[in-house]
Structures are given as C-alpha cells and as structure tokens.
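Enquirer: Sharing a sequence plus its predicted fold:
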Amino acid sequence: MTLTNRITDKRDDLIQLTQDLIRIPTLNPPGENYREICDFLDKRLSKHGFQTQLIRAFGTPGDSEKYPRWNIVARRDGAQTGECVHFNSHTDVVEVGQGWTFDPFGGDISDGKIYGRGACDMKGGLAASIIAAEAFIEEHPNFQGAIEISGTADEESGGYGGVAYLAEQGFFDPNKVQHVIIPEPLQKDRICLGHRGGWWAEIETKGEIAHGSMPFLGDCAVRHMGAVLSEFETKLFPAMAARFTDMPVVPEGARQSTMNINSIHGGQKEQTDDFTGLPAHCVPDSCRIVIDRRYLVEETLDQVRDEVKALLEGLRETRPDFEYELTELNSVIPSMTDKTAPVVETVAKAIEEVMGKPPTYVASPGSYDQKHIDRIGKLKNCIAYGPGLLELAHKPDEYIGIDDMIDSAKVMGAALETLLLSKS
Ligand SMILES: [Zn+2]
C-alpha cells in the first residue's frame, strides 16, 4: 500500500475525528473545555502509540480553576533516532456570533463540507495532521526520528497560555524539535512563511475640566487628541503607506505598514441606551485612543515605537499645554522563515507531488503562534500549512472541505516521508 492510498482510506475516520473535535466547544474567551479536548486527543493519540503529556499553563492570562489553560504534547518516536517533526494546532475557537444556518457545534456535513465554529480555524487542520501522522506510522513503522502533535490553548487571545508557555518550558528547543508545521487554514496549495509584527498602545491626552460655556478656563483634551490625529494623518499614515515589504503578505493591502485606531474616547462617560437625560457641559480633561500598529519584517519595534513618540514629542514642543501619556499594551515580533529552510522546501516538494503544481508562498497580515516558536523557542524552521480558507475563519457557517483535508493530509504525509525515512 502507499501512504496516499492509506490516507484516502481513512476518509471516514478523518470526518468523524473532525466532527468530534468541533463538538467540543472550546470557546475562547473564556477558554472552555481545554481539559476535555486534551483528554480526547490523549485517548486518541495514546491508542496510536504516542507518549502524551498534559500541561497546564499555570498563571498565564486567563488561567484559573474555572478555566484552566490545558495543553497536550504527544510524541511518537520511530525505530531509529533522527529529526523531530512537530505539528502544532491551537484547540481554541472564537465566539459563535450571529448569522449561522448550521449548528455551530454540530459538525454537520453538507455538500462535502463539515460545518462548525473552528472547522477551518483550525480543528480541520488538526484532524488532517493526526490522520497524516497515523497513516505514516502504519505505512512506515520503522521510521527515523519522531513525530510530535500538540494541541494548545489561547492562540486566539495571543497564545500566552499555549505555545508561548510551552516554548518557555523548552518544548520548541531546536535541539529537540527540528521542523514545525502549524496547520492553520492557509489553503492546501499555499505555504505561509510567517506574519507581520504588531504593536498596541494607548495614548492619552490631558486637559483641564471647566464649564463648557467658558472653555478658555479649562483645557480641552479632545482638541489635543485632534492635533495628534492630524499629525497621524499628515505624517504617519503617508510614511507607512510608502513602506513596502518583501514578505508575500496576502491580501496585498497588508504588504505595507498599517495602523488602525481601534477606539477613541474623550470627556464624560457614555450613558447606557436607556438614559434619556442630556449631557452636562464640561471641558474634557482626558481623551484616549488605542492604536494597533502592524509592522513589517524590514522595520524594528524600536523604530515603530520611536516614530509615534517623535510625533507626540514634536507636539509637546510646539503646542501650548500639550501633555500626553503613552502606555504600551502589547507587542509581537514579525516572523519570516526563509524559502530555502528545510521545512519549506520539503512541504513545497510535497505540494507539487500531491497537487501537481508548485505552491504559492504567502505571509499572514495578522500573527499566529509562529512568533512564540521563533522568539521564545529560537526555532526558525517553522511554517503554517493546512487546509481551509482563511476568509472563513471567525465567520458564520465556517466550514472545512473534506477533500481539502484529505489533500493536505497527503501533503503532510509526503513531507514526513521526506524528513523521516532513511535517505540511503
Ligand atoms: Zn487559527
């Protein structure tokens, strides 16, 4: 038998596995049923000869007795020593939202697709990697090296209780793990080399409260923020728009530096919808915005931060009474694996074999767990490759195509054959 035939034969198993995973509602936030999904994966993978470890990320954001952050790492050693290929999938899914015509946790099948929250992002990818690994082990019981499969928490909220925690514990030490494939829904014929970086900060401008009829007796924090926004419009946005990356980011609009202003608030608190009164007349003494700055592999975090600070400092020097406070909220580094890295070349060859055409190389506008494997684990040989359409992630009626899962499982299997079979 060949490995591809074996994977074709596992179609029903793959469907059942995907449905079972979707039916465990691992909503994040708050982070429900992580233990349940780890126990399920533990049972499944132990049966196939994997050694498993369940690891709780104690003390990470969101971890509590009610919502413990459980992760699983399963390892299957071959007959001989060699390299280790690690498949990492996050087990959490985002909220359901409105507009579903299917049961979001039903795993219903219609027209060759399995529907549910997390179907493409990324329980379908997790299921495909499990089927690929199990079929590979059956076909080549005497393989060299090791296969690891992890199911990790909290990717949708930054990955701190998942991959970041495991990386801190040494699970992605390049001495132990040589190749990492993250089966996020990037499409079965595309290799995702990495993602842009991000920097999040809150900027507050300060004023002085006074009666609204005599604004000259106070100092309007909202007008100061207007000056900040005008600096952004006239200087920062044009500067960012002129900066292009060599990263193959899709969609193409994200091949530039970008910034979103996530929120703005100034002056008195907004009242609830049922409040029928009128606002009081006050000069606002505070205005706050949150910015979401996505940056390129060609930029550094220091440059990104300094650019915004320089504009604010410029205002402090030129604008009377301008006072501000900048609070950094979070940051992630950009990550970009080289096209000639072994895992990239191996998966590219496998895609060509299975799909009959070379892959498209892409990078992601937002980040995923590769950042932790890169920065904390110091492991550069990492890609995202998996079935499904990124556009469906987080949407109503999210689905995964069964044929797409089969094809990408074949690609993963072919990659394992290249990396874990004796070259002699
Ligand atoms: Zn995902």
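Expert: Looks like it arrived, so ask away.
Enquirer: rest of the way, CA atoms for contacts and neighbours
Expert: Fine.
Enquirer: show me what contacts Ile137?
Expert: Contacts were defined as Cα atoms under 8 Å, 6 or more residues apart in numbering; by that measure Ile137 touches Phe143.
Enquirer: so how far is Ile130 from it?
Expert: Computed as Cα to Cα, to the nearest Å, the Ile137 to Ile130 distance reads 11 Å.
Enquirer: And for Glu270?
Expert: Distance, Glu270 to Ile130, using Cα to Cα: 50 Å.
Enquirer: Those two: which has the busier surroundings?
Expert: When Glu270 and Ile130 are compared on other Cα atoms under 10 Å, the one with more neighbours turns out to be Ile130, at 25 against 10.
Enquirer: That one reaches Ile149, doesn't it?
Expert: Yes - with the criterion set as Cα atoms under 8 Å, Ile130 and Ile149 qualify as a contacting pair; they are 7.5 Å apart.
Enquirer: Quick one: low-confidence residue ranges for this structure.
Expert: For the chain, residues meeting the criterion pLDDT under 70 lie at 424.
Enquirer: one more time with 80
Expert: When residues are selected by pLDDT under 80, those of the chain lie in 423-424.
Enquirer: element containing Thr4?
Expert: helix 3-9 (DSSP states H and E).
Enquirer: what comes into contact with that helix?
Expert: Contacts made with helix 3-9 from outside it, assessed by Cα under 8 Å, 6+ apart, are listed as 131-132, 135-136, 139, 406, 409-410, 413-414.
Enquirer: again, but for stretch 75-87
Expert: Under the contact criterion Cα under 8 Å, 6+ apart, stretch 75-87 has outside partners 49-52, 129, 141-150, 176-183, 416, 419-420.
Enquirer: Quick check on the residues you listed: which are buried?
Expert: Those of those that meet the buried threshold are 50, 52, 129, 143-150, 177-183, 416, 419-420, by 16 or more other Cα atoms under 10 Å.
Enquirer: hang on, the earlier thing: which of the contacts of helix 3-9 sit farthest apart?
Expert: Glu139 and Ile406 (16.5 Å; Cα to Cα).
Enquirer: which one of those two has more residues nearby?
Expert: Higher neighbour count among Glu139 and Ile406: Ile406, with 26 against 16, using other Cα under 10 Å.
Enquirer: got the contact list for that one?
Expert: Residues in contact with Ile406 (Cα under 8 Å, 6+ apart) are 7-8, 11, 128.
Enquirer: Counting neighbours, which of those comes out on top?
Expert: With neighbours defined as other Cα under 10 Å, the most crowded of the contacts of Ile406 is Ala128; it has 31 neighbours.
Enquirer: For stretch 150-161, C-alpha coordinates in PDB please.
Expert: Included here for stretch 150-161 are C-alpha records, laid out as PDB according to Å, rounded to 0.1, in the frame of the first residue of the first chain:
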ATOM      1  CA  SER A 150       0.500  19.400  20.100                       C
ATOM      2  CA  GLY A 151      -3.000  20.900  20.900                       C
ATOM      3  CA  THR A 152      -2.500  24.200  22.500                       C
ATOM      4  CA  ALA A 153      -4.700  26.800  24.200                       C
ATOM      5  CA  ASP A 154      -5.400  30.500  23.700                       C
ATOM      6  CA  GLU A 155      -4.000  31.200  20.200                       C
ATOM      7  CA  GLU A 156      -7.000  33.400  19.600                       C
ATOM      8  CA  SER A 157      -6.000  35.600  22.500                       C
ATOM      9  CA  GLY A 158      -2.300  35.700  21.900                       C
ATOM     10  CA  GLY A 159      -1.100  32.200  22.700                       C
ATOM     11  CA  TYR A 160       0.400  33.000  26.100                       C
ATOM     12  CA  GLY A 161      -1.300  30.100  27.800                       C
END
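Enquirer: Can you list the buried residues in it?
Expert: Across stretch 150-161, burial judged by 16+ other Cα under 10 Å covers 150-161.
Enquirer: what are the ranges of the helices in the stretch 101-250 of the chain?
Expert: Remark: helices assigned in the stretch 101-250 of the chain by DSSP state H, counting those that start in this stretch are 124-139, 163-168, 221-231, 237-241.
Enquirer: Report all helices and strands that the shortest one contacts.
Expert: If I follow you right, that is helix 237-241. Based on contacts counted as 3 or more Cα pairs under 8 Å, 6 or more residues apart in numbering; DSSP states H and E, the elements that helix 237-241 packs against are strand 258-266.
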